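**Student:** how does the following fold in three dimensions:
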Amino acid sequence: MAFGTDSNTVLQVAWWTGAASVALVVLLMIEIVFLRTLLVRRKRRVTRLHEMWQPILVESLERIPEFLPAPPSKADAFEFLLLWNYLQESVRAGDAGEKLAVVARRLDANRQALKMLNQRGLRKKLLAIQTLGWLREISAWEKLHSILGCSDPILSLCAATSLMRIDTQRALPLILPIIARRSDWSMAVVGAMLKDAGADAISGPLARAVLLIPTVQVPRMLRFLELAHPHATVSAVRQLIGSTSDMETITACLRILQFPDDLPIVRRFLKDGRWQIRLQAAVCLGRIGTPADVSSLSHACGDLEWWVRYRSAQSLANLPFITSEKLDAISESHPNEFASDIIRQVIAEREVTGYA
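**Tutor:** Next comes the predicted model:
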């Protein structure tokens with residue numbers, strides 16, 4: 001009797017387990033169909049939005065349409081702003097970008113972006129920040145300023161870019177110290193942001209900032225001085241290179257120096273005990289060297305470090321007054337075998353590239 005009861009219990013458990021499994025499979029299939037339906041509807045809605053708005057926005061690159069349809073609905077705001085930002089990124093600044101901004105404002109894009117800025121989704125926040133920057137929406141300044149200090153590097157850097165677009169002169173004193181200490185900010189994105197601002201706007205503030213930040217942050221900031229006007233930053237670079245023994249700072253300064261007045265400094269570093277500095281000094285001499293530097297570069301072609309030899313030979317070849325015949329003569333007469341080899345290698349490279 002007990003055996004029969006146990007068998008019935010096992011059968012009931014097995015039946016209910018199977019029924020539950022079937023129910024779960026059915027529910028899963030219903031969910032898949034539901035999600036698929038939502039996806040198809042969303043794609044259709046996005047397609048209709050693009051078919052409606054893309055011709056209008058493309059037309060506005062040439063001229064602002066006299067009549068515009070009603071602004072996109074709240075449900076379509078994200079996709080519309082995505083399309084608008086894509087076109088804005090394509091044309092960047094200029095008259096076409098200004099026309100796009102006028103059209104966006106007439107369609108209440110600035111209000112939609114301000115609302116979206118307070119929502120939780122990261123994608124919506126980033127899109128709102130970028131939109132407000134392109135629109136130069138000054139009313140978003142305080143909110144963007146607060147995002148500038150957040151720990152998320154993507155959000156904070158996006159906010160910095162938008163603040164620079166809204167008011168470059170006001171934003172630079174806020175953003176430059178942060179650039180120096182935020183190693184998690186992409187150098188490429190920061191460089192693009194500063195380049196978009198223009199050398200006229202960034203040269204003075206960058207030169208001042210690089211002298212005020214902590215020493216450990218200087219090499220990072222010096223990379224961006226290459227985007228500034230050399231005459232506006234050379235004084236700061238000379239001050240830094242003359243007051244430090246830090247290898248990273250010195251090599252960064254040597255990448256920037258490009259005036260003949262700096263030759264005494266560069267020549268001194270060609271004899272430095274650190275090969276990284278000798279390398280950058282050799283490269284710098286290739287830009288600003290005179291006939292008086294031929295002997296020093298020829299000697300550096302025999303350096304113990306291969307990279308110093310190679311860059312020295314390249315710099316020697318790049319001097320405008322060094323002909324191919326002169327380079328051949330230096331190679332043939334050089335007392336150092338390694339120097340002769342590296343100069344011949346550079347000569348061969350020049351012949352392959354058709355430079356000679």
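
**Student:** burial of R287, as a residue count?
**Tutor:** 14 (other CB atoms under 10 Å). Backbone N, C-alpha and C define where each C-beta goes, glycine included.

**Student:** tell me the spacing between the spatially closest residue to it that is not a sequence neighbour and R267.
**Tutor:** The shortest distance from R287 to any residue other than its chain neighbours is 5.6 Å, reached at Q258 (CB to CB, 6 or more residues apart in numbering). Noted for Q258: a distance of 15 Å to R267, by CB to CB, to the nearest Å.

**Student:** please apply the same query to R311.
**Tutor:** For R311, the distance to R267 - CB to CB - is 15 Å.

**Student:** the two: which has the busier surroundings?
**Tutor:** Set R311 next to R267 and count neighbours by other CB under 10 Å: R311 wins out with 26 against 16.

**Student:** check which helix or strand the more buried one maps to.
**Tutor:** Element membership for R311 (DSSP states H and E) is helix 306-318.

**Student:** would you mind pulling up the elements that that helix packs against?
**Tutor:** Judged by 3 or more CB pairs under 8 Å, 6 or more residues apart in numbering; DSSP states H and E, helix 306-318 is in contact with helix 275-288, helix 294-300, helix 324-333, helix 337-353.

**Student:** which parts of the second one are buried?
**Tutor:** Same thing as helix 294-300. V294, S296, L297, S298, H299, A300 (16 or more other CB atoms under 10 Å).

**Student:** and what of the first one?
**Tutor:** Applying a neighbour-count criterion of 16+ other CB under 10 Å, the buried positions in helix 275-288 are Q276, I277, R278, L279, Q280, A281, A282, V283, C284, L285, G286, I288.

**Student:** so how many other residues sit close to R182?
**Tutor:** 17.

**Student:** and the pLDDT at A356?
**Tutor:** Listed pLDDT for A356 reads 52.

**Student:** with S243 instead?
**Tutor:** S243 is given a pLDDT of 89.

**Student:** repeat that for the one 10 residues further on.
**Tutor:** What the model reports for C253 is a pLDDT of 93.

**Student:** test my guess that it contacts L222.
**Tutor:** Yes. C253 is in contact with L222 according to CB atoms under 8 Å; the separation is 6.4 Å.

**Student:** between these two, tell me which one has more neighbours.
**Tutor:** Ranked by neighbour count (other CB under 10 Å), C253 and L222 place C253 first, with 28 against 25.

**Student:** I'd like the next helix or strand past the helix or strand harbouring D196.
**Tutor:** D196 belongs to helix 187-197 when assigned by DSSP H and E. Downstream of helix 187-197, the first helix or strand assigned by DSSP H and E is helix 199-212.

**Student:** buried stuff in whatever helix or strand comes next after that following helix?
**Tutor:** Moving toward the C-terminus from helix 199-212, the next helix or strand (DSSP H and E) is helix 218-224. Neighbour counts over helix 218-224 (16+ other CB under 10 Å) mark V218, P219, R220, M221, L222, F224 as buried.

**Student:** one more: stretch 52-69?
**Tutor:** Neighbour count says stretch 52-69 has W53, L57, S60, L61 buried, by 16+ other CB under 10 Å.

**Student:** just give the nearest non-adjacent residue to the second one, would you?
**Tutor:** Right, the one you point to is L57. L87 (5.5 Å).

**Student:** let me see the contact set for V266.
**Tutor:** By CB atoms under 8 Å, 6 or more residues apart in numbering, V266 lies in contact with L254, L257, A281, C284, L285, I288.

**Student:** who's in contact with the third one?
**Tutor:** Which is A281. Contacts of A281 (CB under 8 Å, 6+ apart): L254, V266, R267, F269, L270, D272.

**Student:** what's the answer for the fifth one, then?
**Tutor:** Taking CB under 8 Å, 6+ apart as the definition of contact, the neighbours of L285 are L263, V266, R267, L270, D293, S296, L297, S315.

**Student:** which of the residues you listed lies closest to V190?
**Tutor:** V266 (27.4 Å; CB to CB).

**Student:** so where's the stretch 1-150 of the chain uncertain?
**Tutor:** 1-6, 40, 93 (pLDDT under 70).

**Student:** just the helices in it please.
**Tutor:** 2-60, 77-91, 95-106, 109-117, 122-134, 141-148 (DSSP state H, counting those that start in this stretch).
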